[in-house]
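# A structural model of the following input is requested.
(chains A and B)
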There are 2 protein chains.
Amino acid sequence: MRDALEAAIEQEPVSDIEARGDRITAIAGHTSADVLAEAIAGLETDELRTVLAALGSERSADVLEELEPEEAADVLQQLTDADAADVLEEMDPDDATDVFQEMREDDAPGAERVLAQMEADEAEDVRQLLRYAEDTAGGIMTTDFLVVPAGASVQEAITLLRVPADDELPPESASYLYVTEDGGKLVGVVPWHRLVRAGERVSVSALMEPQTVTVPASADQELVANVVREHRLIAVPVVDEMGRLVGIVTADDVADVVEEETTEDIERLGGSQPLDQPYLRAGPLTLAKKRAGWLLLLFLGATYTGTVLSHFQAELEKAVALAFFIPLLIGTGGNVGSQTVMTVIRAMAVGEVEFKDLFRVWRKEAGTALLLGALMAAAGAARAWLLGVDMAMIATVAITAAVIVVWSATIAAVLPLLLRRVRVDPAVVSAPLITTLVDGTGLFLYFEIARYLLDL
Amino acid sequence: MRDALEAAIEQEPVSDIEARGDRITAIAGHTSADVLAEAIAGLETDELRTVLAALGSERSADVLEELEPEEAADVLQQLTDADAADVLEEMDPDDATDVFQEMREDDAPGAERVLAQMEADEAEDVRQLLRYAEDTAGGIMTTDFLVVPAGASVQEAITLLRVPADDELPPESASYLYVTEDGGKLVGVVPWHRLVRAGERVSVSALMEPQTVTVPASADQELVANVVREHRLIAVPVVDEMGRLVGIVTADDVADVVEEETTEDIERLGGSQPLDQPYLRAGPLTLAKKRAGWLLLLFLGATYTGTVLSHFQAELEKAVALAFFIPLLIGTGGNVGSQTVMTVIRAMAVGEVEFKDLFRVWRKEAGTALLLGALMAAAGAARAWLLGVDMAMIATVAITAAVIVVWSATIAAVLPLLLRRVRVDPAVVSAPLITTLVDGTGLFLYFEIARYLLDL
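All right, here's what the predicted structure looks like:
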């Protein structure tokens, strides 16, 4: 389908935009919003205007909701203010706010002009949501939700709900029916199926679950994600300081938060600062900035290996063969450290492991390292023997391999938990950091063992 | 709250189990299921029986749903068959099936005895679900869902839905109302709020969205997760080969799948095979088995570094100072490779980058590497100068640093995309693999540059 759309766009000369618009619209009618979103991202301004005009503002809004907020902002900024305002009105208020925030970063007066052209209600929703920081419950919540007063009967609730019948809510926003007291204080939630199954004269408050799980508007988005995940919710209500219901965060928005936070964790584990934007949008200068800090710090750390080596220069000159095994041994230490640290940090991120499990984790990893250490000692001995060095050298390599494996696993298992204890994000313990730590200390162990066994 | 519970458990002598049970129950009434789940995990058999008996089978089921299936199976196996059957009956059928599968792995005849004691309906649900492989749509779906016939009016639908009024569905299972034709073929879905808002004589089929998004029962769970995420669904219907509705997969189960798949990705990126079980449950032997394969393979790869070093033995003996910079230079190469590969593979996992972006990714990473290469050349030169080596040596270290950075970033950016192209899971390209690849080739570059600049 996307190929067909692209073919339609490519087929005609650029000048014949009207005809192309018609053709695109004809295809677009049968195409899902996410496919259209990908297709329009590459269009020129004129083409874009034609296509969005043909789609109409409601369907355009669906399509833009599929894009990243930055991309959607780029698209809207190519439309007239009035057209952009029409599309924003049709978007979910939380998505519209994200897009508006991006527009304001690019061109603040332009964004204000668009906001001024929006219908008063929708503009007010966006203004409300703009008050919250981007990464809080308030920043990711939507103001589209359904609410009935606690005093109502089922019959009255249904009548109330029928009023804005033209207002079609997305299903994730309509998954709960909230119950509030006078003044807007949230007191409970009624599952739909219970409302439908109940008699008409039953009171709403008799059907409701007294709502206990809420998040404050100022709560960090990661906390919100944990609440939704732990309680297996479809949506969590967001309340202000007075306990008034101000919005809801839905499971699909939580999935976005989890994805974002996991991406940050993985980028940190690789040894860079999180990008905070989609990879393809980050230019080389941004990427270099995010990586340079750790790279220099690790370089500084690694100079210690040179210090160790020059400290043992005499030994190295007496037995140059020692140098052959340096990359092999510290490489193995780094590999074991990387395996261990990634597993442990992930277990911490999903909440399986906490500081109180420190001893248990260390015992498990030490046991594993003893097994792997024996294996790598054998592999090291075999390799040394193949290179034709003498028995003492073979023993040195084998013993060092085992010692480095155990040492590396210990650091990688214990360090993230200790950092969590002192409230440092354990994801700063990256694979490169462990590798670098093991490089220097591993070399020291190697030469000390060599000095003893080789009589240097 | 959990502390209070634990205190209650610790306070009394083990013999006085009845009194402790009462106290635990008193506290448990005010404690959420997930907190209770954590607290009961550590109890002895006798205590466990007392606590679960006091909680009753419905609340026990809530608590066990919070545990991993393996842990829940362990708990149930400590109860009598009849008690275990009572608790399983109260669990969601998909959760009950997962737990039953674990029980069967431990003790097949015991598990069958429990199944035989369950009510016929609930046992049949479990038997149905057992037919599907664990990691397919059928394996993760639940058979708890609501359905009305296409011919019904709103009034008739509500009457039908009222029948099993004692049967309280979890909200995520009740978020959609499905519409089927005679024979069970799925034809659409009615949002609750639309049903409530409509007149009683309106036909259900006039209100429904003709349902297009479904997944076959045999679909891989990762595909299911992608469908739910892309279409931002709360639940996706699962159909058999005839298009009949057989179950639904809810957003909270999808969140579990995504978490599991991400954990596997991260474990692979660290250079081990995925654990397929919670970290704290994996013993040292299991951990060692998952890591040994890659460790040996990487060791074999790393022997190439020794070969390179012995190939350049003459050069190394003429200029032993060359050895000082080996760990520093190949360490930097490994660090850049690790930063790059983790970012690129994550971007691929979330669908931001595909094979068609190969050139774009390479250009971006090459640009970044040129910037970082210049930086690391300066850092390398400074370090060499501090160690008091001559100008030619300083130049060798600086140029090698820049070349290794660019080389490492190129491999790390291009290799995962090429592997995806030939349908190999790009997550086999781990940080340790890139580090090992760069170690050998980086050394070769280093000595070639040294030979030229130092006139060796």
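
# in a strand, A:Met376, correct?
No - assigned with DSSP: H, G, I helix; E, B strand; the rest coil, A:Met376 falls outside any strand and is helix.

# can you count the residues close to it?
The tally of other residues near A:Met376 (other C-beta atoms under 10 Å in any protein chain shown) stands at 27. Where C-beta positions appear, they are placed from N, C-alpha and C, glycine not excepted.

# any part of stretch A:223-232 near chain B?
Yes - using C-beta under 8 Å from any C-beta of the partner chain, we find that stretch A:223-232 touches chain B at A:229-232.

# how much space between the nearest residue to A:Leu316 once chain neighbours are set aside and B:Thr303?
The spatially closest residue to A:Leu316, leaving aside those adjacent along the chain, is A:Leu322, at 5.8 Å (C-beta to C-beta, 6 or more residues apart in numbering or on different chains). Distance of A:Leu322 to B:Thr303, given as C-beta to C-beta, to the nearest Å: 16 Å.

# do the same with A:Leu76
In terms of C-beta to C-beta, A:Leu76 sits 57 Å off from B:Thr303.

# neighbour count winner among the two?
Neighbours per residue, other C-beta under 10 Å: of A:Leu76 and B:Thr303, the larger number sits with A:Leu76, 27 against 21.

# for the more buried one, phi and psi?
Backbone dihedrals for A:Leu76, given as degrees, to the nearest 10, come out at phi -60, psi -30.

# need the contact list for it.
If you count contacts by C-beta atoms under 8 Å, 6 or more residues apart in numbering or on different chains, A:Leu76 has them with A:64, A:84, A:87-88, A:99, A:103, A:114.

# the same query, at a cut-off of 6 Å, please.
By C-beta atoms under 6 Å, 6 or more residues apart in numbering or on different chains, A:Leu76 lies in contact with A:Ala84.

# nearest to chain B within the stretch 301-450 of chain A, name that residue for me.
Nearest residue of the stretch 301-450 of chain A to chain B: A:Met342, at 2.7 Å (C-beta to the nearest C-beta).

# ok, the residues of stretch A:223-232 next to chain B vs chain B, which is closest?
A:Arg232 (4.1 Å).

# got the phi/psi numbers for the closest one?
Torsion angles, degrees, to the nearest 10, at A:Arg232: phi 50, psi 50.

# so the residue nearest to it when sequence neighbours are not counted, which of the three states?
Leaving out its chain neighbours, the residue that sits closest to A:Arg232 by C-beta to C-beta, 6+ apart is B:Asp252, at 4.1 Å. B:Asp252 carries the three-state label helix when classified by three-state DSSP.

# now the helices for the stretch 201-350 of chain A?
Here the stretch 201-350 of chain A has its helices, by DSSP state H, counting those that start in this stretch, at A:204-207, A:221-230, A:251-269, A:284-311, A:313-318, A:321-324, A:326-349.

# for the stretch 101-250 of chain A, give me the ranges with low pLDDT.
Low-confidence segments of the stretch 101-250 of chain A (pLDDT under 70): A:162-174, A:211.

# what residues does the stretch 1-150 of chain A have near chain B?
A:Asp34 (C-beta under 6 Å from any C-beta of the partner chain).

# can you rerun that using 10 Å?
The interface of the stretch 1-150 of chain A toward chain B, taken as C-beta under 10 Å from any C-beta of the partner chain, is made up of A:32-34, A:65-66, A:68, A:146.

# just give me the closest of the residues you listed to A:Ala369.
Minimum distance to A:Ala369 across the residues of the stretch 1-150 of chain A next to chain B is 42.9 Å, recorded for A:Glu68 (C-beta to C-beta).

# nearest residue to that closest one in space, please, no chain neighbours.
When the adjacent residues along the chain are set aside, A:Glu68 lies closest to A:Pro278, with 5.8 Å between them (C-beta to C-beta, 6+ apart).
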